[in-house]
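Q: task: produce atomic coordinates for the following.
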Amino acid sequence: ISEEQHENTAMDLTSNSDTDRTVKRRTSFGFDAADGYKIGVAYMQNNHLEKAEPYFEKALSAKVALYGETNIEVARVMECLGDIKFRNGALMDSLEIFRKAHSILKAIYMDEEGDDMLKLESKLANVLFDLGFGDYCEEAYKLYTKLIPLKRRQCGIDDDHISRMVFNLGKLNLSKKKMYTDALACFKEVLETKRDSGTDNAKDDMFISVLFHAGTASEKSGQNNDAEKFYRELLLFKDDLDNTDIDMDVVMYNLGCVLLASEKFAESLVYFTKLNFSAKQKVKKFPRRKILEKIGKAHTHLNNYEDAIDAYEEIISQHDQKLSEKKSKNEVHDIDKVYITLGHLLAKIDRNDDAVQKFAKGLDIKFKKVNYVDTEELVNINNSIAVCCFKGGFYKNALKACEVSLETLENNPMTVECERLKVGTFIVMGS
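A: Next up is the predicted model:
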């Protein structure tokens, strides 16, 4: 590097840090590739990435000229450049640099797993994980599976970097592999390590995030007791979630779903009702449709049919409003199910005319969407229509519904249902 470059570098630097003062001293006497590398490291350690990068680039050119491309010194400078790209969010650039450094180390070490190789492969796995799609995830999965036991032997189980790798492996198992039990094992391991470390978990973003993922993995693997435990613990950190990627509304919704699945209907309603109220107030709303459906289900299980009807009626009201405001051009893909569920609930409290109207609307939407409707479902709906019409004294309409069911069963006979329908048809005809 020329003396002119030294002087320009010295002029560009501020004198506000020890690193800058060190550089000024070094530029007074001149420096080689090794000096450039060390200065780059010093800047990077102080988070001055924009100042570190040009030193690494110059050091890389000098080291390639001195040693050739296949040299461990070259690989180390490349690794630092890859770190800067990664920390700046330039993941593809970081990946390309790490791959080049990795190929150099493989040529040097062959199959030997030295410290340099393990360190670089850990960084490579993290970049692949953050890219987050396709073959990158598969490659990250293989690297984590290989590296975690090796790093444990090297660093010990309490190492924070290992916890991060185990956490990432768990997330890959959860979202990409759909291996929920394996994912849960990873999350539980990280939680145990964190609890044993004695740190303040409320200030540990990773601990809070792992708790949430552990709840999700437990829920998806059918371990509702564990899921409930993890979500309840997360509620204790509700004042600490602002700096994390965890949404308290999602935590409450998931806990409500777990309680609903565990037949704790009344308690699940507490959370869904809070969420419904909160969703009305917020600018950024949690989808009320999902909340109202759960409220409807919980009330149905508690035999609170009127309250359940109110919840489903509100879903339809919201849907109709969006259509009228042209926020949605088409019917919501499963709004027919809401109409049919509502029909069954209205039938339970003998609002037979209203029930028939909802059944008819649901079937109309269903037939507009698809040419084929499940035979058993269609027969059940028509049977319900027949019962409602019969109770209301509309015997001809009841007979018509029975005949539709019988006609439906001709091509796909359900013997017991067919015989039951024939008896029902004779009763309707007699009436």
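
Q: roughly how far is stretch 377-389 from the heart of the chain?
A: 39 Å (C-alpha atoms, centre = their mean, to the nearest Å).

Q: tell me the buried residues in it?
A: Neighbour counts over stretch 377-389 (16 or more other C-beta atoms under 10 Å) mark 378-379, 381-389 as buried. C-beta here means a position set from N, CA and C on the backbone, and glycine is covered the same way.

Q: could you do stretch 232-242 as well?
A: 233-234, 237, 240-241.

Q: can you tell me the average pLDDT over that stretch?
A: The average pLDDT within stretch 232-242 is 86.

Q: how about stretch 94-112?
A: On average, stretch 94-112 scores 90.

Q: go on, stretch 186-195?
A: The model assigns stretch 186-195 a mean pLDDT of 92.

Q: returning to what we had before: let's have the buried residues of stretch 377-389 in CSV, adding distance to residue 59, pLDDT and secondary structure.
A: Below are the buried residues of stretch 377-389 laid out as CSV (distance: C-beta to C-beta, whole Å; pLDDT from 0 to 100; DSSP: H, G, I helix; E, B strand; the rest coil):
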residue, distance to residue 59, pLDDT, secondary structure
378, 74, 84, helix
379, 77, 84, helix
381, 74, 90, helix
382, 79, 88, helix
383, 80, 88, helix
384, 78, 91, helix
385, 80, 93, helix
386, 84, 90, helix
387, 83, 91, helix
388, 82, 93, helix
389, 86, 92, helix
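
Q: who's in contact with stretch 126-135?
A: 82, 86, 91-92, 94-95, 98, 136-137, 139-140, 143-144, 164-165, 168, 171-172 (C-beta atoms under 8 Å, 6 or more residues apart in numbering).

Q: among those residues, which lie within helices?
A: Per DSSP state H, helices hold the following members of those: 82, 86, 91-92, 94-95, 98, 136-137, 139-140, 143-144, 164-165, 168, 171-172.

Q: narrow the residues you listed to those that are buried.
A: The neighbour-count test (16+ other C-beta under 10 Å) marks 82, 86, 91, 94-95, 98, 136-137, 139-140, 143-144, 165, 168, 171-172 as buried among the ones in helices among the contacts of stretch 126-135.

Q: from these, pick the one nearest residue 293.
A: residue 171 (27.8 Å; C-beta to C-beta).

Q: these two touch, right, residue 269 and residue 297?
A: No - the pair residue 269 and residue 297 fails to qualify as a contact (C-beta atoms under 8 Å) at a distance of 9.8 Å.

Q: higher neighbour count, those two?
A: residue 269 (23 against 20; other C-beta atoms under 10 Å).

Q: distance check, that one against residue 147.
A: 46 Å (C-beta to C-beta, to the nearest Å).

Q: I am finished for the moment; much appreciated.
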